[in-house]
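Trainee: Sequence plus predicted model, see below.
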Amino acid sequence: MKQILERGDIALLIDAFYAKVKQDDLLAPLFSHVDWPHHLPVIYDFWSSILLGDQSYKRNPFEKHRDLPVTPAHFNRWLLHFERTVDEHFEGEKAEEAKQRANSIAGIFQHKLGLLK
Ligand code: HEM
């Protein structure tokens, strides 16, 4: 099993994750408008900045989620696919960090959306 060490690893992780999201009846409709060739490199930047510290992502990740019609069920499903994708492809410190950070950011997003008490 591989560790997450470089941007190519992140691209593999994110591509595999969105393959699951696009096949999920609950989540897919929320991504139907997405311009994937534009979106994917932004997400690679986001996770490269978090896990590899390359500072390639300089935006506010919450803004695009502010008006999405989401519930805790959507976040739980998103996290399930994310954690499964990490575990299917990677092990090690960065893999664990990816899952932890996804959980904590999902918590922050839900808090900002007023979904958590
Ligand atoms: C219910 C769960 C979620 C849904 C339905 C969702 C959906 C979306 C959608 C539709 C976009 C906009 C894509 C575009 O139009 O360009 C987006 C962007 C993004 N999402 Fe999520 N998201 C979810 C959770 C998360 C979580 C937990 C994270 C972080 C761990 C995250 C990170 C991002 C980032 C970094 C962007 C790019 C923002 C930018 O353009 O700078 N998302 N998401």
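Mentor: That came through, no problem. Numbering: from 1, shown residues only.

Trainee: Checking I14 next. Helix, strand or coil?
Mentor: Look at I14: counting by DSSP: H, G, I helix; E, B strand; the rest coil, its state is helix.

Trainee: What helix or strand is the residue nearest to it when sequence neighbours are not counted located in?
Mentor: Using CB to CB, 6 or more residues apart in numbering and skipping residues adjacent in sequence, the residue nearest I14 is I43, 5.2 Å away. Yep, even glycine has a C-beta here, placed from its N, CA and C like the rest. Secondary structure from DSSP states H and E places I43 in helix 36-52.

Trainee: Just the residues contacting the next helix or strand after that helix, thanks.
Mentor: The element immediately downstream of helix 36-52 (helix or strand, assigned by DSSP H and E) is helix 72-89. Residues outside helix 72-89 that contact it (CB atoms under 8 Å, 6 or more residues apart in numbering) are 1-2, 12-13, 16-17, 20-21, 24, 26-27, 30, 95, 98-99, 102-103, 106, 109-110, 115-116.

Trainee: Say whether the ligand is contacted by the top helix by length along the chain.
Mentor: The longest helix of the chain (DSSP state H) is helix 93-112. Yes - contact of helix 93-112 with the ligand (CB under 6 Å from any ligand atom) involves A102, I105, A106, F109.
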